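Chemist: could you work out the structure for the sequence below:
(one chain, ligands or ions: 1)
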Amino acid sequence: MALAGVRVIELAGLAPAPFCGMILADFGAKVIRVDRTKVAMSVDTQARGKQSVAINLKTSEGVALLKKLCVRSDVVLEPYRTGVMEKLGLGPQELMKENPRLIYARLTGYGQSGAYASAAGHDINYLAISGSLLSRLGRSGEKPYAPLNLVADFAGGGLTCALGIVLALLERTKSGRGQVIDASMVEGAAYVGSFVWKSRSIGMWDRSRGENMLDSGAPFYDTYQTSDGKYMAVGAIEPQFYRELLKGLELDAGQLPSQMSFSDWPELRRLFTERFASKTQAEWSKIFDGTDACVTPVLSFEQVSSHPHNRERASFIKDSRGDESPRPAPVLSLTPAEPCLAPDPVIGEHTVQVLEEYGFTSAEIDQMQAAGVVECNAVKAKL
Ligand SMILES: C[C@H](CCC[C@@H](C)[C@H]1CC[C@H]2[C@@H]3[C@H](O)C[C@@H]4C[C@H](O)CC[C@]4(C)[C@H]3C[C@H](O)[C@]12C)C(=O)SCCNC(=O)CCNC(=O)[C@H](O)C(C)(C)COP(=O)(O)OP(=O)(O)OC[C@H]1O[C@@H](n2cnc3c(N)ncnc32)[C@H](O)[C@@H]1OP(=O)(O)O
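Modeler: Model prediction:
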């Protein structure tokens with residue numbers, strides 16, 4: 001796999017950093033998640049392929065231990081509020097002094113500087129501050145709407161940070177040096193939203209929220225309920241695809257206003273709504289599959305892996321417990337990801353194994369466990 005041989009120390013966080021760690025693990029990195037001790041259960045639902053070491057960083061021995069792990073690692077990924085790592089004596093200066101090749105990835109909401117740097121926040125706040133995004137999301141006449149926590153946490157945060165890490169690893173092959181990555185979810189989300197910013201120049205966002213072509217304003221770019229309470233997604237933007245949409249809906253283009261007549265959009269939407277409500281999702285799929293109308297069923301969790309397209313590409317995988325999740329993307333022809341199918345690690349499951357790999361003796365591990373510096377839960381995990 002592309003990242004085989006790369007060692008990552010991931011400090012346990014909420015959502016974006018775990019996703020970043022999972023991407024690296026899926027593509028072959030050895031990812032060691034550092035959990036707190038005395039925690040009943042991990043909230044990391046994106047722990048695929050990771051190992052867990054439980055270290056109490058509120059002890060000087062725990063801090064010294066983490067430093068030792070970082071000396072022999074390629075990447076440290078930290079998800080804490082600005083200044084937390086420095087307070088622990090684990091800031092970039094300390095860790096990179098001992099390992100100048102270390103890539104120090106800091107994944108935060110607001111970045112390492114600026115008025116909000118040390119404030120608490122979540123996806124919705126980062127999306128709000130990114131400006132172009134939250135202010136533009138939502139239906140006409142309604143308040144802004146946050147679309148799950150996908151944009152800031154995962155696209156702007158976890159994914160962007162993973163890109164930064166891979167870029168830094170690539171650069172290190174030339175300079176031999178690591179670097180600090182300041183991955184701010186506000187900036188990552190705004191960057192993901194570059195299209196919104198840069199397409200203002202062609203008038204894409206001249207109208208109010210929810211009244212433009214791609215923000216649910218246009219009737220040909222929206223979802224419609226079917227007679228069985230399911231939905232179809234319509235993305236028939238280009239005229240040739242729009243013609244196919246009308247054909248499938250059995251609407252006569254000659255009797256309708258022009259596609260791009262804003263003032264007629266409400267009437268067109270009413271017509272489309274009425275038509276879609278007359279058949280089931282399966283019936284509409286049969287009509288539109290194999291056409292260029294850009295009309296697809298809105299699939300539920302239950303439907304997704306059995307949809308013919310996803311099934312053919314094996315786009316969803318099942319782990320050893322039978323739980324389904326998306327296959328890692330993209331697909332690399334030479335070194336594809338090989339996602340681990342074993343259950344996620346419990347906290348401290350790999351403490352002994354990892355510390356032994358990093359050169360600690362059994363006696364040293366026992367001593368740290370007795371002193372409450374580390375927690376080893378391997379036996380519990382096998383029960
Ligand atoms: C919208 C998403 C968030 C969704 C998350 C939800 C999925 C989950 C949130 C709550 C979960 C539920 C809850 O936990 C209760 C149940 C628990 C049960 O086990 C499972 C079911 C639950 C219902 C559970 C279910 C779900 O998991 C939840 C609902 C997001 O937007 S995520 C993005 C958040 N933002 C960031 O990541 C930006 C950067 N980070 C921050 O700004 C802050 O970290 C943050 C997130 C604001 C949290 O601030 P906090 O004050 O709590 O922490 P920090 O200031 O960062 O400091 C960390 C302190 O911890 C110390 N520490 C770290 N590691 C160790 C260690 N190994 N040993 C000892 N101590 C450690 C560190 O030194 C800091 O200590 P100090 O405060 O003293 O400096």
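
Chemist: for this protein, what lies in contact range of the ligand?
Modeler: Listed as neighbours of the ligand in the chain under the rule CB under 6 Å from any ligand atom: 11, 13-16, 34, 36, 41, 43, 55-58, 79-81, 84, 87-88, 108-109, 120-123, 149, 153. Quick note: C-beta positions are derived from backbone N, CA and C, even for glycine.

Chemist: among the residues you listed, name the buried ones.
Modeler: Applying 16 or more other CB atoms under 10 Å to the residues of the chain next to the ligand, the neighbour count classes 11, 13, 15-16, 34, 36, 55-57, 79-80, 84, 88, 108-109, 121, 123, 149, 153 as buried.

Chemist: quick one: which of the residues of the chain next to the ligand sit in helices?
Modeler: Judged by DSSP state H, helices contain the following of the residues of the chain next to the ligand: 16, 84, 87, 123.

Chemist: does the last one touch residue 134 like I think?
Modeler: No. Taking CB atoms under 8 Å as the contact criterion, residue 123 and residue 134 are not neighbours in contact, 9.8 Å apart.

Chemist: and stretch 132-151, average pLDDT?
Modeler: Regarding stretch 132-151, the rounded mean pLDDT is 93.

Chemist: for stretch 196-210, same thing?
Modeler: Averaging pLDDT along stretch 196-210 yields 94.

Chemist: show me the shaky parts of the stretch 101-250 of the chain.
Modeler: For the stretch 101-250 of the chain, no stretch is flagged by pLDDT under 70.

Chemist: which parts of it are strands?
Modeler: Secondary structure of the stretch 101-250 of the chain (DSSP state E, counting those that start in this stretch): strands at 103-108, 180-184, 221-225, 231-235.

Chemist: what would the ones you listed look like in a markdown table with distance to residue 256?
Modeler: Shown next, in a markdown table, are these (distance: least, CB to CB, whole Å):
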| stretch | distance to residue 256 |
| --- | --- |
| strand 103-108 | 49 |
| strand 180-184 | 46 |
| strand 221-225 | 16 |
| strand 231-235 | 15 |
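
Chemist: packing partners of the lengthiest helix in the chain?
Modeler: Counting residues, the longest helix found in the chain (DSSP H) is helix 160-175. Judged by 3 or more CB pairs under 8 Å, 6 or more residues apart in numbering; DSSP states H and E, helix 160-175 is in contact with helix 16-26, strand 75-78, strand 103-108, strand 180-184, helix 185-192.

Chemist: how about residue 9, secondary structure?
Modeler: Following DSSP: H, G, I helix; E, B strand; the rest coil, the label given to residue 9 is strand.

Chemist: residue 239 against residue 260, yeah?
Modeler: No. Counting by CB under 8 Å, residue 260 is not a contact partner of residue 239; they are 9.0 Å apart.

Chemist: and residue 187, how many neighbours?
Modeler: 20 (other CB atoms under 10 Å).

Chemist: name the nearest residue to it, ignoring sequence neighbours.
Modeler: residue 111 (6.4 Å; CB to CB, 6 or more residues apart in numbering).

Chemist: residues contacting residue 213?
Modeler: Neighbouring residues of residue 213 by CB atoms under 8 Å, 6 or more residues apart in numbering: 204, 221, 237.

Chemist: where's the last one relative to the ligand, distance?
Modeler: By that I understand residue 237. 32 Å (CB to the nearest ligand atom, to the nearest Å).

Chemist: next one: residue 174
Modeler: Counting by CB to the nearest ligand atom, the gap from residue 174 to the ligand is 30 Å.

Chemist: how close does that residue get to residue 19?
Modeler: As judged by CB to CB, to the nearest Å, residue 174 and residue 19 stand 28 Å apart.

Chemist: which of these two has more neighbours?
Modeler: Neighbour tally, residue 174 and residue 19, criterion other CB under 10 Å: the higher count belongs to residue 19, 23 against 7.

Chemist: got a list of contacts for stretch 82-92?
Modeler: Contact with stretch 82-92 is made by 57, 63, 66-67, 70, 78, 104, 106, 108, 110-113, 117-118, 180, as judged by CB under 8 Å, 6+ apart.

Chemist: next, count neighbours for the closest residue to residue 293 other than its chain neighbours.
Modeler: Closest residue in space to residue 293, ignoring its immediate chain neighbours: residue 244 at 3.8 Å, by CB to CB, 6+ apart. Here the number of neighbours of residue 244 (other CB under 10 Å) works out to 18.

Chemist: distance of residue 244 from residue 134?
Modeler: For residue 244, the distance to residue 134 - CB to CB - is 34 Å.

Chemist: same thing with residue 164?
Modeler: Counting by CB to CB, the gap from residue 164 to residue 134 is 23 Å.

Chemist: now swap in residue 251 and tell me
Modeler: For residue 251, the distance to residue 134 - CB to CB - is 35 Å.
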